[in-house]
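Participant: sequence-free structure coming up:
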């Protein structure tokens, strides 16, 4: 009889374990999960296979990440097309382009080349969003907790983060619009959080002996002040920085104003208009831009926000 009772409980635990695990996740607040996630992104060593979806296209990537001798190393390789590869050592990134037999040298300051739209903390954006911890299933064979970040208005997108229950490492992320349409997604198909990675694991398999090495020209940027500002910013957005920049393809400095609500950011570029007036809109995944000509200036707003938000900010720019 006791044996039967033991077997019954074992079967019940096996069947309900994932649900019980998800329920226990509610013991931590959404803010605590967010803090744990940020720590995981910066400290976890791993390798895995990632599916990245944007604009209806799905790309398969392999990724490796580790801190070796105090130096951050990342290797991100596309499994599609020519097999473009990003090799990171500290803040320096080498982009290997096999089809062009070239290597572009650039810099990258973000903690991760894969997760570039992850919030740092809830302190800044909590006034414009609501956060909830919800039950979730498994991603890449690991139990997860779903952290849903929902905007309080229609002027920004929702973010969904499936976090590894044990480490809080994001295993799946989505940016979703007001119609519940997934605009972009990153999802691990497989991940090894105990990977024993060595320096050789971050070296390219291509023979670069006859490749051209090109250092990407950096936009000339200087901290500046400006009278330009928006008189209709959505609630929570604040001006973060102002720079004068010489953009690629132009010899004329543009004023770059960065606005952010702590999660979503919008860059506004203001430069003297060249040619006739026009208004344009464009979208790539969750990124939207709106550009217009007013009073002899070309004003462009771009960010991971609805195009209506980019348009609202661009049209509200004023110079007293």
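Facilitator: Noted; the coordinates are in hand. Here the structure is a predicted model, which is why all the values come from computation and not from measurement.
Participant: and stretch 158-166, what's its mean pLDDT?
Facilitator: Averaging pLDDT along stretch 158-166 gives 96.
Participant: Any regions of the stretch 51-200 of the chain where pLDDT drops low?
Facilitator: Residue ranges of the stretch 51-200 of the chain with pLDDT under 70: 120-124, 126.
Participant: hey, where'd the strands end up in it?
Facilitator: Counting by DSSP state E, counting those that start in this stretch, the segments of the stretch 51-200 of the chain that form strands are 57-68, 71-78, 85-89, 92-97, 102-107, 129-134, 138-139, 142-151, 158-164, 170-176, 182-192.
Participant: Please tell me how far residue 169 sits from residue 151.
Facilitator: Distance of residue 169 to residue 151, given as CB to CB, to the nearest Å: 25 Å. C-beta: built from backbone N, CA, C; applies to glycine.
Participant: wait, residue 55
Facilitator: In terms of CB to CB, residue 55 sits 22 Å off from residue 151.
Participant: And the two? Which one has more around it.
Facilitator: Per other CB atoms under 10 Å, whichever of residue 55 and residue 151 has more neighbours is residue 151, with 22 against 11.
Participant: From what I see, that one and residue 157 are in contact.
Facilitator: Yes. The pair residue 151 / residue 157 is scored as a contact, 7.0 Å apart, by CB atoms under 8 Å.
Participant: can you list residues touching both of the two?
Facilitator: Common contacts of residue 151 and residue 157 (CB atoms under 8 Å, 6 or more residues apart in numbering): none found.
Participant: quick one on the thing from earlier: among the strands of the stretch 51-200 of the chain, which is nearest residue 255?
Facilitator: Across the strands of the stretch 51-200 of the chain, residue 255 has its closest neighbour in strand 102-107 (22.9 Å, CB to CB).
Participant: Adjacent strands (with direction) for the closest one?
Facilitator: Take DSSP bridges as the rule and strand 102-107 pairs in its sheet with strand 92-97 (antiparallel), strand 212-215 (parallel).
Participant: Dump those to JSON lines, plus distance to residue 307 and mean neighbour count.
Facilitator: Compiled in JSON lines, the strands paired with strand 102-107 are given as follows (distance: least, CB to CB, whole Å; neighbours: other CB atoms under 10 Å):
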{"stretch": "strand 92-97", "distance to residue 307": "29", "mean neighbour count": "17"}
{"stretch": "strand 212-215", "distance to residue 307": "34", "mean neighbour count": "11"}
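Participant: This completes my enquiry, with thanks.
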